[in-house]
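# the following block contains a protein sequence and its predicted model.
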Amino acid sequence: MHHSQVNTFAMRSLLGILLGGALFSCHSNSQSKTSQDTVAGVADSLPPVETKAPNSNYKPAFEGQTRVKGATTKTPIEVTLLDSTLKYPWAICNLPDGRLLITEKLGTMRIETLDGKLDKKITGLPKVNADGQGGLLDVNIDPDFAHNRMVYFDYAEPGPTGNLLAVAKGKLSKDETHLENIQVIYRAEPAWKGTLQYGSRILFDKDGNLFVSTGERSDKQIRTKAQDLSAAIGKVLHITKDGKPVPGGPFVDSTGALPEIYAYGFRNPEGMAINPATGDIWEVEFGPKGGDELNIVRPGKNYGWPVITYGREYSGEAVGAGIQQQEGMEQPVYYWDPVISPSGMTFYNSDTIAEWKGNIFIACLSSSHVTRLVLDGNRVAAEQWLLQDMGQRFRAITQAENGALYVVSEQGNLYKIAKK
């Protein structure tokens, strides 16, 4: 793309940001204090950013659970299109030297510089089923990557009884062109002859163990297993680097339950990040027709799908009994109706744009924008939509060490959002 086109994109995007939009990360676990100025600086007079009618007349469980007031960004921001040659990117992760590791759905990874130049292409990965919502999905690096060069990733693995989410690891070769000694460490069973809703984000806890989110595979015949503690789908799992259950899990003493289950009752959790201010795991997931959710993931908790939801079936009918609350099931911190189709998410944890510190940024697909959420403790105080004039399906977002956000779109673009 010509430089003049990049500038045009930047100008249009800046206008979009100033009017009311955001990004994703390889998930930082660093501790910091959230700036209270971000909450104090939100204008009280801005209406909610969502103006379309909801799909249902469901009432929120508490004030501020949906359609909070709008927010603006006062800092001058510049958006730059860095690369338009990616092939269906799905995840983006920071390497210790500042470069970006990006997965492509059809089964390759690439390493890009922070100015959007392709540095290396990584091939020879396991066979994936890239149909539907499958393919090569999330990637994250070992906390000790600088010494062991280990890369963890997950993908839709084809098999005789259907497809499932497989979690694997391998060592990045010295020439950075392939992963050595690839091993599948975990398979989220049961397999299913469908190609939808694998979920799949990978986080590392402070001890170097993995949290992995899994989708419930969408179809009515299988999705009820999100409530089944003997199935690994519709869950957040807690496993070691060898794929074993982390000792002391919340269901370790429950008969018939998988000891690696950390929490359950999720639909399609494609976003997960650790809040650097608190250490809490935050998760975002697709609802059906309405009912996209933002949750704080707590051990042993049930997040309700498909028993309770603020969404409806795609047909417009109620999901199950059409209830939104039930004893023993967690309420989302926030929900959207209509949907934003939330995928990757990150916490902004830099002083470069001080008013963004502690905010959540979510890459959104069908709504074609990046969502910025301003938090007040564990509640959403305000919402802003960024980049909504780009016409892109945003898939993943990360904050780099330079304080800029980097976001990839399904159409194959890599954008940088930075202080002007």
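That came in fine, so what should we check first?
# surely residue 225 is in a strand?
No - the assignment for residue 225, made by DSSP: H, G, I helix; E, B strand; the rest coil, is helix rather than a strand.
# contacting residues around it?
With contact taken as Cβ atoms under 8 Å, 6 or more residues apart in numbering, residue 225 is in contact with 190, 216, 217, 231, 233, 234. For glycine as for every other residue, the C-beta is placed from the backbone atoms N, C-alpha and C.
# so which strand or helix has the fifth one?
Here residue 233 sits in a region with no helix or strand, counting by DSSP states H and E.
# ok, it - contacts?
With Cβ under 8 Å, 6+ apart, residue 233 has these contacts: 165, 188-190, 192, 199, 214-217, 222, 225-226.
# show only the entries of those residues found in helices.
residue 222 (DSSP state H).
# okay, the contacts of residue 233 in JSON lines with distance to residue 128 and pLDDT next?
Shown next, in JSON lines, are those (distance: Cβ to Cβ, whole Å; pLDDT from 0 to 100):
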{"residue": "165", "distance to residue 128": "11", "pLDDT": "98"}
{"residue": "188", "distance to residue 128": "15", "pLDDT": "98"}
{"residue": "189", "distance to residue 128": "17", "pLDDT": "98"}
{"residue": "190", "distance to residue 128": "19", "pLDDT": "98"}
{"residue": "192", "distance to residue 128": "16", "pLDDT": "98"}
{"residue": "199", "distance to residue 128": "15", "pLDDT": "98"}
{"residue": "214", "distance to residue 128": "16", "pLDDT": "98"}
{"residue": "215", "distance to residue 128": "15", "pLDDT": "98"}
{"residue": "216", "distance to residue 128": "20", "pLDDT": "98"}
{"residue": "217", "distance to residue 128": "16", "pLDDT": "98"}
{"residue": "222", "distance to residue 128": "20", "pLDDT": "98"}
{"residue": "225", "distance to residue 128": "22", "pLDDT": "98"}
{"residue": "226", "distance to residue 128": "23", "pLDDT": "98"}
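# distance to residue 308 added to the contacts of residue 233, as TSV?
Putting these into TSV (distance: Cβ to Cβ, whole Å) gives the following:
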residue	distance to residue 308
165	24
188	23
189	25
190	23
192	23
199	19
214	19
215	18
216	14
217	19
222	19
225	16
226	12
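# please name the nearest non-neighbouring residue to residue 332.
Spatially, and ignoring its direct neighbours in sequence, residue 332 is nearest to residue 293 (3.9 Å; Cβ to Cβ, 6 or more residues apart in numbering).
# can you check residue 95 too?
Using Cβ to Cβ, 6+ apart, the closest residue to residue 95 is residue 101 (5.6 Å).
# any idea how far that neighbour is from residue 121?
Computed as Cβ to Cβ, to the nearest Å, the residue 101 to residue 121 distance reads 11 Å.
# list residues touching both of these two?
109, 110, 111.
# in which helix or strand would I find the last one?
When secondary structure is defined using DSSP H and E, the element that contains residue 111 is strand 108-112.
# strand partners (parallel or antiparallel) of that strand?
strand 100-104 (antiparallel), strand 118-122 (antiparallel) (DSSP bridges).
# any idea of the angle the helix or strand just after the last one forms with strand 108-112?
Scanning forward in sequence from strand 118-122 by DSSP H and E, the next helix or strand is strand 136-141. Orientation of strand 136-141 against strand 108-112 (axes from the mean of the first three to the mean of the last three Cα atoms, to 10 degrees) gives an angle of 50 degrees.
# what helices and strands are in contact with strand 136-141?
For strand 136-141, the contact count by 3 or more Cβ pairs under 8 Å, 6 or more residues apart in numbering; DSSP states H and E identifies strand 89-94, strand 100-104, strand 108-112, strand 150-159, strand 199-204 as packing neighbours.
# among the ones you listed, which is nearest residue 131?
Closest to residue 131 of those, according to Cβ to Cβ: strand 150-159, at 8.0 Å.
# what residues sit buried inside that closest one?
For strand 150-159, burial by neighbour count (16 or more other Cβ atoms under 10 Å) applies to 150, 151, 152, 153, 154, 155, 156, 157, 158.
# could you list the residues in contact with the strand holding residue 111?
Contacts of strand 108-112 (Cβ under 8 Å, 6+ apart): 82-83, 86-87, 95, 99-104, 118-123, 125, 136, 139, 153, 176, 414.
# pLDDT at the residue most central in space within the chain, what is it?
Residue closest to the mean C-alpha point of the chain, counted by Cα atoms, centre = their mean, is residue 271 at 1.8 Å. Note for residue 271: predicted pLDDT of 98.
# enumerate every residue touching it.
Here residue 271 is in contact with 24, 201, 283, 284, 285, 342, 343, 344, 345, 362, 363 (Cβ under 8 Å, 6+ apart).
# tell me how far it lies from residue 202.
12 Å.
# could you do residue 348 as well?
Separation of residue 348 from residue 202 (Cβ to Cβ): 20 Å.
# next: residue 250.
Distance, residue 250 to residue 202, by Cβ to Cβ: 20 Å.
# more crowded one of the two?
residue 202 (23 against 17; other Cβ atoms under 10 Å).
# what's across from that one in the sheet?
residue 212.
# now for it: which residues touch it?
When contacts are counted by Cβ under 8 Å, 6+ apart, residue 202 touches 138, 139, 140, 152, 153, 154, 167, 210, 211, 212.
# equivalent analysis for residue 343, please.
24, 270, 271, 362, 363, 364, 365, 394, 395, 396.
# columns distance to residue 61 and secondary structure on top of these, output as JSON lines?
Listed next are these as JSON lines, based on distance: Cβ to Cβ, whole Å; DSSP: H, G, I helix; E, B strand; the rest coil:
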{"residue": "24", "distance to residue 61": "28", "secondary structure": "strand"}
{"residue": "270", "distance to residue 61": "24", "secondary structure": "strand"}
{"residue": "271", "distance to residue 61": "21", "secondary structure": "strand"}
{"residue": "362", "distance to residue 61": "21", "secondary structure": "strand"}
{"residue": "363", "distance to residue 61": "26", "secondary structure": "strand"}
{"residue": "364", "distance to residue 61": "23", "secondary structure": "strand"}
{"residue": "365", "distance to residue 61": "26", "secondary structure": "coil"}
{"residue": "394", "distance to residue 61": "28", "secondary structure": "strand"}
{"residue": "395", "distance to residue 61": "30", "secondary structure": "strand"}
{"residue": "396", "distance to residue 61": "30", "secondary structure": "strand"}
